[in-house]
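Asker: Take this sequence and fold it.
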Amino acid sequence: MSSITMYRLMLYYLLFLVAVAAVLSFFKLLPYNGVDILLGAFYLVSVCKLVNYLFAKVLKVKTNTESALITGFILSLIFGPAPFLSNIIPLTVVGTLAMASKYLIVWRGRHIFNPAAFGAVASAALFGNGASWWLAGYAVAPFIILGGLLILKKIRRFEMAGVFLLFYIISNPQNILSIPSSPILFFSLVMLVEPLTSPFKKSHQIIYAVLLIVLFYYLFCIL
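Answerer: The predicted model follows:
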């Protein structure tokens, strides 16, 4: 299948997760406001799509609209969900910086950082408030896992995600039972394996996964 098909699959998966999170929240199975989830997702997707279009127009490069939509949905699933109106400025800045990184921080025609991850780091630096990684919990874990396995099958990165999770368990054995309810699932099955910012070769993917878990452990377990 083509890369466009891969992006379409990821887009549907993220849209599905947003809908699931909103429905579970409406039924009080997640402790959030379903309306805020939907508004935040719609707004971030709109910001990312607009900024992506403007950069592509100014720089006169081809653009992938689905990629911008994917970034918007990922951001909505790791930020918030907070009351929409009181959070509109941070959401605008995060979405803008995430998409700007695709065009301004590049190497040999490829963006270096996962745009959503860059947005999370930029938010932490600017506002002192990084990603909340709110999409976690036993109620939503089955949906994350099932969709994530389809993504891994499509992009052939089972080893990469598996190594990352294995080293996470080794470095945090006391947290093994909490993995289904933690944000590590969403990170490893969606953000870690993003094709344009992860290596092509299997050996490089494994090294990349190990380096990221070392960084993850340092940032969250030592600092």
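Asker: Surely P180 touches F143?
Answerer: No: assessed by CB atoms under 8 Å, P180 is found out of contact with F143, at 11.5 Å. The C-beta positions use only the backbone N, C-alpha and C, and glycine is treated the same way.
Asker: how much distance is there from the longest helix along the chain to the middle of the chain?
Answerer: Using DSSP state H to define each element, the chain has its longest helix at helix 34-59. Helix 34-59 sits 15 Å away from the centroid of its parent chain (CA atoms, centre = their mean, to the nearest Å).
Asker: do stretch 177-184 as well
Answerer: 16 Å.
Asker: Buried residues in that stretch, which are they?
Answerer: In terms of neighbour count (16 or more other CB atoms under 10 Å), stretch 177-184 has its buried residues at I179, P180, S182, P183, I184.
Asker: Determine which two of these are furthest apart.
Answerer: Pairwise distances across the buried residues of stretch 177-184 (CB to CB) peak at 11.1 Å, for the pair P180 and P183.
Asker: give the contact list for V94.
Answerer: Residues near V94 by CB atoms under 8 Å, 6 or more residues apart in numbering: L44, L75, F79, G119, A120, A122, S123.
Asker: mind giving me the domain split of the chain?
Answerer: When the chain is parsed with automatic domain parsing, its domains come out as 1-135, 136-223.
Asker: hey, least reliable of those by pLDDT?
Answerer: Set side by side, the domains of the chain give their lowest mean pLDDT on domain 136-223, at a mean of 82.
Asker: who wins for most neighbours among the contacts of V94?
Answerer: Neighbour counts for the contacts of V94 peak at G119, which has 31 neighbours (criterion: other CB atoms under 10 Å).
Asker: Just the element for that one, please.
Answerer: Element membership of G119 [criterion: DSSP states H and E] is helix 115-127.
Asker: now the angle between helix 34-59 and that helix, please.
Answerer: For helix 115-127 against helix 34-59, the angle between stretch directions is 100 degrees (axes from the mean of the first three to the mean of the last three CA atoms, to 10 degrees).
Asker: Give me the buried positions along the helix or strand just after helix 115-127.
Answerer: In the C-terminal direction, the helix or strand that comes right after helix 115-127 (DSSP H and E) is helix 141-155. Within helix 141-155, the residues that count as buried by 16+ other CB under 10 Å are A141, F143, I144, G147, G148, I151, L152, I155.
Asker: Tell me the spacing between the closest residue to Y138 other than its chain neighbours and K62.
Answerer: Closest residue to Y138 apart from its sequence neighbours, by CB to CB, 6 or more residues apart in numbering: S181 at 5.1 Å. Separation of S181 from K62 (CB to CB, to the nearest Å): 40 Å.
Asker: Perfect, that will be all.
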